[in-house]
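Engineer: sequence and predicted structure are below.
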Amino acid sequence: MPRTIEASLLVKLYPLALLRLMSTPSVTVVFHYYNFGLFSISSG
């Protein structure tokens, strides 16, 4: 039973953590570079 509670808590907290990370400029820059890297790898 504690497992499911833990999972639901994670599901609730994950979007908040993601938003928190997205609001941090340095992390967004890294994230964009990461996406760009993935895109360039997948395309060529």
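Structural biologist: Great, that's in hand.
Engineer: quick check: M22 vs F31, distance?
Structural biologist: 8 Å (CB to CB, to the nearest Å). Using the backbone N, CA and C atoms, a C-beta is placed for each residue, glycine as well.
Engineer: off-centre distance for stretch 32-44?
Structural biologist: Stretch 32-44 has its C-alpha centroid displaced from the chain centroid by 16 Å (CA atoms, centre = their mean, to the nearest Å).
Engineer: ignore what I typed, I meant stretch 12-25.
Structural biologist: In this view, stretch 12-25 has its centroid 7 Å away from the chain centroid, taken as CA atoms, centre = their mean.
Engineer: now do it: everything it contacts.
Structural biologist: Contact with stretch 12-25 is made by V27, T28, F31, as judged by CB atoms under 8 Å, 6 or more residues apart in numbering.
Engineer: state the mean pLDDT of the helix or strand harbouring the last one.
Structural biologist: Mapping F31 onto the secondary structure by DSSP states H and E places it in helix 25-43. For helix 25-43, the mean pLDDT works out to 80.
Engineer: tell me how far it lies from the chain's centre.
Structural biologist: Worked out by CA atoms, centre = their mean, helix 25-43 lies 12 Å from the chain centre.
Engineer: renumber starting at 500 from here on
Structural biologist: I'll keep to 500 as the first residue from here, and by that count the last item is helix 524-542.
Engineer: state the helix or strand in which the most centrally placed residue in the chain lies.
Structural biologist: With distances taken as CA atoms, centre = their mean, L517 lies nearest the centre of the chain, 5.0 Å away. In the assignment (DSSP H and E), L517 maps to helix 501-521.
Engineer: could you tell me the angle between that helix and helix 524-542?
Structural biologist: If you take axes from the mean of the first three to the mean of the last three CA atoms, to 10 degrees, helix 501-521 sits at 100 degrees to helix 524-542.
Engineer: give the buried residues for helix 501-521.
Structural biologist: Residues of helix 501-521 include none that count as buried (16 or more other CB atoms under 10 Å).
Engineer: avg pLDDT for it?
Structural biologist: For helix 501-521, the per-residue pLDDT averages 82.
Engineer: next one: it to chain centre, how far?
Structural biologist: That offset, for helix 501-521, works out to 11 Å (CA atoms, centre = their mean).
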